[in-house]
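J.: Below: sequence and its predicted model.
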Protein chains: 2
Amino acid sequence: MRLSRYFLPTLRETPKEAEIVSHRLMLRAGLIRQEAAGIYAWLPLGLRVLNKVCAVIREEQDRAGAVELLMPTVQSADLWRESGRYDAYGKEMLRIKDRHDREILYGPTAEEVVTEIFRASVRSYKDLPKNLYQISWKFRDEVRPRFGTMRSREFLMKDAYSFDFDQAGARHAYNRMFVAYLRTFAGLGLKAIPMRADTGPIGGDLSHEFIILAKTGESEVFCDRAYLDFPIPPANTDFEDVAALQGIVDAWTSHYAATDEMHEADAFAEVPEADRLAARGIEVGHIFYFGTKYSEPMGAKVAGPDGIERPVHMGSYGIGPSRLVAAIVEASHDEGGIIWPDAVAPFDVALINLKVGDAATDDACAEIQAQLEAANLTVLYDDRDERPGAKFATADLIGLPWQVVVGPKGLADGKIELKRRAGGEREAVAPVDLVTRIRRI
Amino acid sequence: MRLSRYFLPTLRETPKEAEIVSHRLMLRAGLIRQEAAGIYAWLPLGLRVLNKVCAVIREEQDRAGAVELLMPTVQSADLWRESGRYDAYGKEMLRIKDRHDREILYGPTAEEVVTEIFRASVRSYKDLPKNLYQISWKFRDEVRPRFGTMRSREFLMKDAYSFDFDQAGARHAYNRMFVAYLRTFAGLGLKAIPMRADTGPIGGDLSHEFIILAKTGESEVFCDRAYLDFPIPPANTDFEDVAALQGIVDAWTSHYAATDEMHEADAFAEVPEADRLAARGIEVGHIFYFGTKYSEPMGAKVAGPDGIERPVHMGSYGIGPSRLVAAIVEASHDEGGIIWPDAVAPFDVALINLKVGDAATDDACAEIQAQLEAANLTVLYDDRDERPGAKFATADLIGLPWQVVVGPKGLADGKIELKRRAGGEREAVAPVDLVTRIRRI
């Protein structure tokens, strides 16, 4: 993609309203633009990151056996009356009346809708287990939206819902998502720690939040440092193996880790002092087992082997991709700007032409772009008529993993400059060696 | 994907409320489920089709030089006051008040938001042309939603917006989208005819609707039969070539074609009688050039070479993917169910095991699934414990392009049955030849 044909409205100045670094950098790098309080447009570069984050999430949901569907953003109030949550949910729910004065709402979550879909078609324990997930926009009318997409009103959420015949099945469903989440966050280049958590308005009696440690985190968290070195379950983990999954979850919950609400000072004091980690964290995922809280009032029942109908055991499992993009920036940046982990970088390479208009330099850049793209690397080619300094600053700000700098002097020696954004190492390479060199990482 | 692990709630009976065949078949084949009036969930199989449709749209938008972003679904009323459309839009706009009593709305379209994004960053004619597009959910509070996803309240829309310095540039932008649309609909297996159209609430003085002919179409259309045999512009069309694009558009507008609102009986009478086609049509795309209608009141100006600022010339370009899925079903089905064009089929192959539990048959199916997936074909494997008749009916109903039938008798002769859903031809093939045979089409 040529930058001259792209739409990348970077900002030179730091927007005043942005209190945390991810918000500042996402605005400055032209990833997002605020359209109303807590409501953002995802500009082209930001959308590419968001899509990459979703791709990693999707891959791990599919691997764990979840099936993707898509529920509407607008829901009927009647459905929420069935579960008893319509009045309970409070002002965070965006309530709407349509032209016929019917009460509808912009879904803040989808337990009710998915339970309705399930009960309409599933009748027998033989059809279980099921886990249905979606990646879709939700709205929560936060009283004070802030921190950019970290706490926005309109936000993207991956929400999965599991349906099982009994509690043992539901526990296995929970463990599947627990392991899928460990893999998802690791795949995004993040170190997330599962912590015992409060269940809040979703309800239920088993719940973990996945927390990444960051100075700007909203909540205080307490955990055993040992988790930082725990191994991530491999890609070939057998999600059907009940005992193996339970083993992984047991290991990942064997040490102390709790959010502020669930913190027990006495238990924390038993962690060896050198391993006690009290820090700030960002919640990037939240999983719940809540049994028959929705299936019972909404009549989502299946017949067992004995022919008797029982309400299904459910869980729900959320990740916020739009929040995750901000969390990744919090975790990976320097003074110059963002440093995208390879898995979510909007393009792989920033190709910088130091002398636009010089035939040899232009030709070399065109050839290098073609060569990189033929190797399935994505390239943002800075072909603007700008000073080198401005181009370097833009490249650092937007944080693509590689910078390839092409100028007449280097070309005279048959060399171009390759810079790794993370770490900043530079080396001179021959254009012909470029792909091999990049692929080495 | 094994059907036993999937979520495919097909219906045996035809839902009463469904008036047209696409609505009936989409409900029966488990593609969608109604959640409220004019509001649908996309079940797993339906979502796969919707995503395939979007992929074709995206490919052609990108080819034509448009850049993807994503604007929020919820918009500020103030922005619509700037353009003067807030009061004018009427009851189709879903108006909302948030917890602070601020007026917001669920966007029915996005001319205002995109103009705001543009004016915030683009200053010079040198940054033009630009075309920004998104694929996102819109809401129009239709007084009488009907026909399933053909006329729903919450619907998916691809909306593109072009920005040019002058009318000549805007005309080229219009032609780009005109050609992209011809390619998009052809890529979806549809024959769409561009027709002169009324501009409605979008405004402007140049507009075409893209119409596919179907008995259940909502509007009456009139055109010259010659369009049915017009060639589609090839993939290597140069979208930068102003004259070439104008030539294509001139050819595609050289004969009579108009929707009901724009119909001129006298002009139509001049078409040779044998070529006059009066039929019903489904609108699947709509493109508009509206000049400075939004840029002028909203102050979206750029400086020209003379340094003087002028409002930019804009156009907007819509396709409804959720409506397109229904339109494709209208155009491609038989008594047994849907017949998906290859480009949008949710899976390539329905693999039917006639004797689940028979070790040899089970093994053969597992091997065939692995072999097909290794060849990058997607497979929905019917491993349910059901009668063959029920499996054949499901396969015909959901309309995957190929059916592979595996039973003990055939296997004894070293053969499996391959059926092409379109046409219904069957042949016995050796498992080893399956991929080659399928790839021949």
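T.: Okay, I see it.

J.: CA only for contacts and neighbour counts going forward, please
T.: Will do.

J.: mind checking which helix or strand the residue in the stretch 251-400 of chain A that chain B sits nearest to is in?
T.: Closest residue of the stretch 251-400 of chain A to chain B, CA to the nearest CA: A:Arg384 (10.0 Å). Assigned by DSSP states H and E, A:Arg384 falls within no helix or strand.

J.: Now A:Ile32, what are its backbone angles?
T.: When read as degrees, to the nearest 10, the backbone of A:Ile32 gives phi -140, psi 160.

J.: Now do the nearest residue to it once chain neighbours are set aside: how many residues are near it, please.
T.: Closest residue to A:Ile32 apart from its sequence neighbours, by CA to CA, 6 or more residues apart in numbering or on different chains: A:Trp42 at 4.6 Å. Counted with other CA atoms under 10 Å in any protein chain shown, the neighbours of A:Trp42 add up to 25.

J.: where does A:Trp42 fall, phi/psi-wise?
T.: Here A:Trp42 shows phi and psi, under degrees, to the nearest 10, equal to phi -100, psi 110.

J.: Quick one, grab the pLDDT at the residue of the stretch 251-400 of chain A closest to chain B.
T.: At A:Arg384, the pLDDT value in this model is 96.

J.: residue contacts, the residue nearest to A:Ile32?
T.: A:Trp42 makes contacts with A:31-33, B:69-72, as judged by CA atoms under 8 Å, 6 or more residues apart in numbering or on different chains.

J.: same thing with A:Ala375?
T.: By CA under 8 Å, 6+ apart, the neighbours of A:Ala375 are A:Val435.

J.: What separation do you get for A:Ala279 and A:Glu220?
T.: 6 Å (CA to CA, to the nearest Å).

J.: one step back: which of the contacts of A:Trp42 fall within helices?
T.: Among the contacts of A:Trp42, none falls in helices (DSSP state H).

J.: For the residues you listed, could you give me CSV that also reports neighbour count and pLDDT?
T.: What follows is the contacts of A:Trp42, written out as CSV (neighbours: other CA atoms under 10 Å in any protein chain shown; pLDDT from 0 to 100):
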residue, neighbour count, pLDDT
A:Leu31, 27, 98
A:Ile32, 27, 98
A:Arg33, 20, 97
B:Leu69, 23, 98
B:Leu70, 19, 98
B:Met71, 27, 98
B:Pro72, 22, 98
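
J.: Is whichever residue of the stretch 151-300 of chain A sits closest to chain B bridged to anything, and to what?
T.: Per CA to the nearest CA, A:Glu154 is where the stretch 151-300 of chain A lies closest to chain B, at 7.4 Å. Per DSSP bridges, the residues bridged to A:Glu154 are A:Phe139.

J.: Run through chain A and note the low-pLDDT ranges.
T.: Applying pLDDT under 70 to chain A picks out residues A:200-205.

J.: and A:Pro431, how many neighbours does it have?
T.: 20.

J.: Equivalent analysis for A:Leu228, please.
T.: 11.

J.: Could I get the full set of helices for chain A?
T.: Per DSSP H, chain A carries helices over the ranges A:21-28, A:44-63, A:77-83, A:85-88, A:111-119, A:167-187, A:242-252, A:265-269, A:295-298, A:321-331, A:359-374, A:388-398, A:408-412, A:434-439.

J.: now for the fifth one, which elements pack on it?
T.: For helix A:111-119, the elements it packs on are helix A:77-83, helix A:295-298, judged by 3 or more CA pairs under 8 Å, 6 or more residues apart in numbering or on different chains; DSSP states H and E.

J.: Redo the ones you listed as a markdown table? Include distance to chain B.
T.: As requested, these are exported to a markdown table (distance: least, CA to the nearest CA, whole Å):
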| stretch | distance to chain B |
| --- | --- |
| helix A:77-83 | 9 |
| helix A:295-298 | 15 |
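
J.: Give me the spatial nearest neighbour of A:Pro44, chain neighbours excluded.
T.: Nearest one to A:Pro44, counting by CA to CA, 6+ apart, is B:Leu69 at 4.4 Å.

J.: distance of the one you found from B:Asp164?
T.: Noted for B:Leu69: a distance of 18 Å to B:Asp164, by CA to CA.

J.: With distance to A:Gly304 as added columns, please give the helices and strands packed on helix A:111-119 in a markdown table.
T.: Output for those, formatted as a markdown table (distance: least, CA to CA, whole Å):
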| stretch | distance to A:Gly304 |
| --- | --- |
| helix A:77-83 | 23 |
| helix A:295-298 | 15 |
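
J.: Throw those into TSV and include mean neighbour count, thanks.
T.: As requested, these are exported to TSV (neighbours: other CA atoms under 10 Å in any protein chain shown):
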stretch	mean neighbour count
helix A:77-83	18
helix A:295-298	18
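
J.: ok, back up a step: my guess is the residue of the stretch 251-400 of chain A closest to chain B contacts A:Tyr6. True?
T.: No. Under the criterion of CA atoms under 8 Å, A:Arg384 makes no contact with A:Tyr6, lying 10.7 Å away.

J.: my read: the residue nearest to A:Pro44 touches A:Tyr40, true?
T.: No. In this structure B:Leu69 lies outside contact range of A:Tyr40 using CA under 8 Å: 11.3 Å.

J.: give me the residue from the stretch 101-250 of chain A nearest chain B.
T.: Closest point on the stretch 101-250 of chain A to chain B, by CA to the nearest CA, is A:Ser121, at 5.9 Å.

J.: what separates the nearest residue to A:Phe230 once chain neighbours are set aside from A:Ile232, distance-wise?
T.: Distances taken as CA to CA, 6+ apart place A:Trp252 nearest to A:Phe230, at 7.9 Å, with adjacent residues excluded. Distance of A:Trp252 to A:Ile232, given as CA to CA: 10 Å.

J.: Which of the two has more residues huddled nearby?
T.: Neighbour count, other CA under 10 Å: between A:Trp252 and A:Ile232, A:Trp252 has more, with 21 against 16.

J.: For the more buried one, give its distance to A:Tyr174.
T.: In terms of CA to CA, A:Trp252 sits 14 Å off from A:Tyr174.

J.: Pick out whichever of A:Arg384 and A:Tyr6 has more residues nearby.
T.: Per other CA under 10 Å, whichever of A:Arg384 and A:Tyr6 has more neighbours is A:Tyr6, with 21 against 18.

J.: My guess is the more buried one contacts B:Val67. True?
T.: Yes. Using CA under 8 Å, A:Tyr6 makes contact with B:Val67 at a distance of 6.6 Å.

J.: if I pick A:Tyr161, what's in contact with it?
T.: The neighbourhood of A:Tyr161, defined by CA under 8 Å, 6+ apart, consists of A:111, A:114, A:131-133, A:314-317.
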